[in-house]
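# Sequence below, structure please.
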Amino acid sequence: KNVPDSIMTRKQEISFSTSLTKSSKSDNKFIKSTLDKIKPSFTASQSKSSDPLNSEILNEKYSGKVSYSYPFSRDNYITPFKWLKDVPWLGEKLGEMNVYYTPSAFNTSLNINESLSQTTKRVGPRSDKYSFGLSRKFSLDYSLTDKLKTKYSRTITSDLKDFRGYAWIAIKEMDPGVVENINENLTTSFNPQLFTWLKPNFNHSAAFRWNKPRASTIDGATIGTQLRFSSSFNILPSQMFELFYKPPSKSSSRTESNRRRGRGKAKEKEIKETKTEQKENAFLTSLHGIIRKVNPISFSYTENLNRTGRGVQGTVPTGYKFGWLPDHGLPNAENVGTNTGNRDHKQDITFRSGLKLTKKTTLSLNFAENISTTISGSGVEQRSISRDYLAFGEKMDQGFPFVGWSMRISGLEKLPLIRKIAKTISLEHAFSGKETRSWQFEGQDIPDLSFANLSTFISDYKEYEKQGKLNAGFSPLIGITMSLNKGIS
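Prediction:
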């Protein structure tokens with residue numbers, strides 16, 4: 001039977017894809033580093049369909065990609081500080097440091113995407129959608145040393161609609177079309193291992209974006225920068241103390257004693273002399289035992305800066321993109337009004353450590369403090385702080401910055417009255433307090449907010465304070481975790 005097309009749904013698809021990769025390596029060094037590293041690919045697809053609402057839906061997609069990747073040799077380094085190897089403290093670390101004079105890797109790619117969609121309705125006009133875009137990517141990895149690494153990447157997206165049906169002209173003239181979007185990223189990490197007791201870590205990242213759509217009515221670009229710096233230090237107090245004094249281990253003393261029995265007098269004399277050189281100091285040994293109870297001390301600092309701009313005209317300076325210039329110094333389009341952009345600056349510090357009072361009793365300490373400054377394009381400035389705090393007084397209106405703590409005592413199941421009913425039992429206790437405040441300014445010349453002047457800032461600008469809150473709480477005041485012998489907890 002003949003079925004009308006208006007009640008049928010049909011679809012026909014066809015696709016093609018190909019890619020080229022050179023499997024064998026060339027003997028020629030130039031070809032090996034150029035043609036062997038190029039990887040082209042091409043994909044095409046076409047679909048035609050119809051349904052009760054549309055007499056024909058035609059979709060065509062074409063995409064081509066060419067990529068190039070070159071990994072550099074890791075033998076391209078020099079050891080310039082080898083002569084410092086015998087210098088105390090840092091000499092050995094510096095003497096073994098390799099400085100690389102070539103990047104680690106270089107990558108680039110070019111992507112072209114073209115799509116066409118035509119929809120012919122059974123009732124109404126035909127609609128067409130067409131896009132023709134180009135995306136170019138570039139990245140460079142560079143490790144100056146084994147501990148200092150950086151990476152830069154850049155992506156540019158552009159519109160090639162003006163070359164519809166004439167893509168070969170764009171290729172011939174090397175014309176990227178109308179640039180609509182640019183993204184740049186720069187990351188750097190530095191992780192030196194200076195001493196066994198000190199492990200610092202530094203990271204910096206900068207992300208820049210530039211966006212100006214072809215259809216935008218604003219005669220300027222929307223830009224944004226995201227800057228982040230983080231650092232952390234882990235200090236091991238016991239290992240730091242052992243640089244000056246390390247108590248002789250009891251096991252080594254017993255071993256020497258056992259060995260002494262089966263050796264001659266010469267060996268006995270040598271061991272006695274060694275033992276004399278490693279003579280134990282009772283006071284320092286006791287002090288070492290106390291310091292060993294201190295957990296690793298962790299300190300971290302993080303800073304984030306986000307900046308946006310609307311209707312920015314001109315070329316943005318490199319220093320503004322990556323953080324060493326405070327302002328871009330460029331004019332803004334008139335039709336953006338007063339909302340020319342925002343600025344958000346946050347800083348955080350944290351401290352963590354603890355004590356192992358006994359084998360079954362631990363005390364954890366932590367302290368956090370952060371400040372924030374937000375400035376809108378219209379000039380309204382908001383500031384806020386938050387920090388760990390110990391509040392007291394009749395109305396809890398007094399106090400000072402102080403650490404929060406938590407304590408845990410385990411192994412209580414060994415007590416005579418408890419071990420008959422409990423398999424494990426532990427006690428917990430914790431305290432945390434917070435101070436939070438916020439201010440709002442408009443048109444005033446206010447000094448920068450920093451960790452060094454928080455108390456002064458709070459007292460000097462009390463009249464501009466929007467909100468202030470102090471709280472303290474035990475969570476829990478006393479907590480018991482128990483597992484009974486019969487599997488009940």
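# count of neighbours near Ser15?
Neighbour count for Ser15, taken as other CB atoms under 10 Å: 10. In this view, the C-beta of every residue, glycine as well, is placed from N, C-alpha and C.
# Mind listing the strands whichever strand or helix holds it pairs with, and their directions?
Using DSSP states H and E, Ser15 sits within strand 10-19. According to DSSP bridges, strand 10-19 forms sheet pairs with strand 38-50 (antiparallel).
# quick one: contacts of the partner strand?
Contacts to strand 38-50, defined as CB atoms under 8 Å, 6 or more residues apart in numbering, come from residues 5, 8-21, 56-69.
# quick one: secondary structure of the closest residue to Leu140 other than its chain neighbours?
Closest residue to Leu140 apart from its sequence neighbours, by CB to CB, 6 or more residues apart in numbering: Tyr152 at 5.1 Å. Per DSSP: H, G, I helix; E, B strand; the rest coil, the secondary structure class of Tyr152 is strand.
# which strand residues sit across from Tyr152 in the sheet?
Leu140, Leu186.
# what sits against it?
Ser139, Leu140, Tyr142, Glu184, Asn185, Leu186.
# what's the farthest-apart pair in these?
Farthest pair in the contacts of Tyr152 (CB to CB) is Tyr142 and Glu184. Separation: 15.5 Å.
# ok, the two, which is more surrounded?
When Tyr142 and Glu184 are compared for neighbours, Glu184 comes out ahead with 20 against 17, by other CB under 10 Å.
# Confirm that one sits in a helix?
No: secondary structure of Glu184 (three-state DSSP): strand, not part of a helix.
# which residue packs closest to it, ignoring adjacent ones?
Phe208 (4.5 Å).
# and the one you found, how far is that from Asn306?
12 Å (CB to CB, to the nearest Å).
# next one: Leu160
32 Å.
# mean confidence score for stretch 200-217?
Stretch 200-217 shows a mean pLDDT of 93 in the predicted model.
# Bridging across strands, which residues link to Asp128?
In beta-bridge terms (that is, DSSP bridges), Asp128 pairs with Gln118.
# Kindly state the pLDDT recorded for it?
pLDDT at Asp128 comes out at 90.
# got it, and Lys272?
Lys272 is given a pLDDT of 43.
# I'd guessed Asp327 sits against Gly319; true?
No: under the criterion of CB atoms under 8 Å, Asp327 is not in contact with Gly319, lying 9.8 Å apart.
# quick one on the thing from earlier: could you check which of Leu160 and Asn306 has the larger neighbour count?
Leu160 (20 against 16).
# isn't that one right next to Ser135, touching?
No: at 10.6 Å, Leu160 does not count as touching Ser135 under the criterion of CB under 8 Å.
# residues bridging contact with those two, i.e. touching both?
Shared contacts of Leu160 and Ser135, counting by CB under 8 Å, 6+ apart, come down to Ile112.
# any idea which strand is longest in the protein?
The single longest strand within the chain, with elements called by DSSP state E, is strand 422-442.
# Just after that one, pick out the following helix or strand.
helix 454-460.
# Please tell me how far Tyr68 sits from Asn185.
Where Asn185 is concerned, Tyr68 sits at a distance of 19 Å (CB to CB).
# which other residues reach stretch 237-244?
In contact with stretch 237-244 (CB under 8 Å, 6+ apart) are residues Phe195, Thr196, Trp197, Leu198, Leu287, His288, Ile291, Arg292, Val294, Pro296, Ile297.
# try stretch 163-170
Ile112, Glu114, Tyr130, Phe132, Leu134, Leu160, Asp175, Pro176, Gly177.
# Now list the buried members of these.
Listed as buried from the contacts of stretch 163-170 are Ile112, Glu114, Phe132, Leu134, Leu160, Gly177; burial here means 16 or more other CB atoms under 10 Å.
# Please flag which of those sit within helices.
Using DSSP state H, no member of these sits in helices.
# Using TSV, please lay out the residues you listed together with pLDDT and distance to Ser238.
Formatted as TSV, those follow (pLDDT from 0 to 100; distance: CB to CB, whole Å):
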residue	pLDDT	distance to Ser238
Ile112	92	61
Glu114	92	65
Phe132	92	65
Leu134	93	59
Leu160	91	64
Gly177	89	63
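# Widest-spaced pair of these?
Counting by CB to CB, the most remote pair of the buried ones among the contacts of stretch 163-170 is Glu114 and Gly177, 12.0 Å apart.
# Name the residues contacting each of those two.
With CB under 8 Å, 6+ apart, Glu114 and Gly177 have no common neighbours.
# how many neighbours does Gly124 have?
Neighbour tally, Gly124, other CB under 10 Å: 10.
# On the three-state scheme, it is what?
coil.
# just Gln239 next, same as before
Applying three-state DSSP: Gln239 is helix.
# Just the pLDDT at it, thanks.
Reported pLDDT for Gln239: 87.
# same question, Asn183
Asn183 is given a pLDDT of 96.
# which residues touch the closest residue in space to it that isn't next to it in sequence?
Spatial nearest neighbour of Asn183, chain neighbours left out: Thr155 (4.6 Å); criterion: CB to CB, 6+ apart. Counting by CB under 8 Å, 6+ apart, Thr155 touches Ser135, Arg136, Lys137, Phe138, Asn181, Ile182, Asn183, Glu184.
# Filter these down to the buried ones, ChimeraX style.
To isolate the buried members of the contacts of Thr155 in ChimeraX, using 16+ other CB under 10 Å:
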select :136,137,181,182,183,184
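# mind listing the strands in the stretch 151-300 of the chain by residue range?
Under the criterion DSSP state E, counting those that start in this stretch, strands of the stretch 151-300 of the chain are mapped to 178-190, 198-211, 221-235, 297-312.
# can I get those strands in a markdown table with distance to Leu363?
Shown next, in a markdown table, are those (distance: least, CB to CB, whole Å):
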| stretch | distance to Leu363 |
| --- | --- |
| strand 178-190 | 33 |
| strand 198-211 | 23 |
| strand 221-235 | 18 |
| strand 297-312 | 14 |
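# so Asn113 makes contact with Tyr62?
Yes: with contacts defined as CB under 8 Å, Asn113 counts as touching Tyr62 at a distance of 7.5 Å.
# got the buried residues for stretch 202-219?
Phe202, His204, Ser205, Ala206, Ala207, Phe208, Arg209, Trp210, Lys212, Ile218.
# Give me the distance between the second one and Arg307.
Translated: His204. For His204, the distance to Arg307 - CB to CB - is 16 Å.
# Then the last one?
Between Ile218 and Arg307 the distance, using CB to CB, works out to 18 Å.
# Kindly report the same for Leu243.
From Leu243 to Arg307 the distance is 44 Å (CB to CB).
# I figured Asn183 was touching Ala207, is that so?
Yes: Asn183 is within contact range of Ala207, at 7.4 Å (criterion: CB under 8 Å).
# Surely Ile371 and Arg383 touch.
Yes: counting by CB under 8 Å, Arg383 is a contact partner of Ile371 at 7.4 Å.
# ok, these two, which is more surrounded?
Comparing Ile371 with Arg383 by other CB under 10 Å, the one with more neighbours is Arg383, at 23 against 20.
# what's the helix or strand where the more buried one lies packed up against?
Under the criterion DSSP H and E, the helix or strand holding Arg383 is strand 380-392. Secondary-structure packing of strand 380-392 (3 or more CB pairs under 8 Å, 6 or more residues apart in numbering; DSSP states H and E): strand 361-375, strand 398-401, strand 422-442, helix 454-460, strand 465-474.
# Mind putting these into a markdown table with distance to Lys48 and mean pLDDT?
A markdown table is the format used below for these (distance: least, CB to CB, whole Å; pLDDT from 0 to 100):
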| stretch | distance to Lys48 | mean pLDDT |
| --- | --- | --- |
| strand 361-375 | 53 | 94 |
| strand 398-401 | 71 | 88 |
| strand 422-442 | 60 | 90 |
| helix 454-460 | 68 | 89 |
| strand 465-474 | 62 | 89 |
